[in-house]
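S.K.: Mind looking at a prediction? Sequence and model below.
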Amino acid sequence: MLWTILIVLLILWALGFAFEIGGGLIHLLLVIALVVLIFRLVTGRKVP
C-alpha cells in the first residue's frame with residue numbers, strides 16, 4: 001500500500017515538472033513521498 005502511494009506521488013511530482021503546474025504542491029508531494037519511503041525502509045517487515 002505504501003509503495004503504491006509512493007509511486008503515485010512520484011509520478012505526480014514528475015508530471016508537475018514536465019507541465020509546470022502545481023507550484024509548491026508538487027514539491028509537497030515529493031516531500032511526502034520521501035517521508036513514506038524513509039518510513040518504509042526504516043520500519044521494514046518484522047518477521048515473528
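M.R.: Now that the structure is in, tell me what you want to look at.
S.K.: most centrally placed residue in the chain?
M.R.: Nearest residue to the geometric centre of the chain (CA atoms, centre = their mean): residue 33, 1.9 Å.
S.K.: how about the strands of the chain, start to end?
M.R.: Along the chain, no stretch is classed among the strands by DSSP state E.
S.K.: Helices of that one, residue ranges please.
M.R.: 2-19, 24-43 (DSSP state H).
S.K.: Redo these as a markdown table? Include mean pLDDT.
M.R.: Output for the helices of the chain, formatted as a markdown table (pLDDT from 0 to 100):
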| stretch | mean pLDDT |
| --- | --- |
| helix 2-19 | 76 |
| helix 24-43 | 78 |
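S.K.: Quick check: nearest residue in space to the residue nearest to the centre of the chain, chain neighbours excluded?
M.R.: residue 9 (3.8 Å; CB to CB, 6 or more residues apart in numbering). From N, CA and C alone the C-beta is placed, and that goes for glycine too.
S.K.: again with residue 10
M.R.: Leaving out its chain neighbours, the residue that sits closest to residue 10 by CB to CB, 6+ apart is residue 33, at 5.2 Å.
S.K.: ok, the one you found - contacts?
M.R.: 5, 6, 9, 10, 13 (CB atoms under 8 Å, 6 or more residues apart in numbering).
S.K.: Closest one to residue 37 out of these, please.
M.R.: The closest of these to residue 37 turns out to be residue 6 (CB to CB; 5.5 Å).
S.K.: okay, now that closest one: neighbour count?
M.R.: For residue 6, the tally of surrounding residues (other CB atoms under 10 Å) stands at 18.
S.K.: List the residues that contact it.
M.R.: Residue 6 neighbours (CB under 8 Å, 6+ apart): 33, 36, 37, 40.
S.K.: just residue 36 next, same as before
M.R.: In this structure, residue 36 makes contact with 2, 5, 6, 9, judged by CB under 8 Å, 6+ apart.
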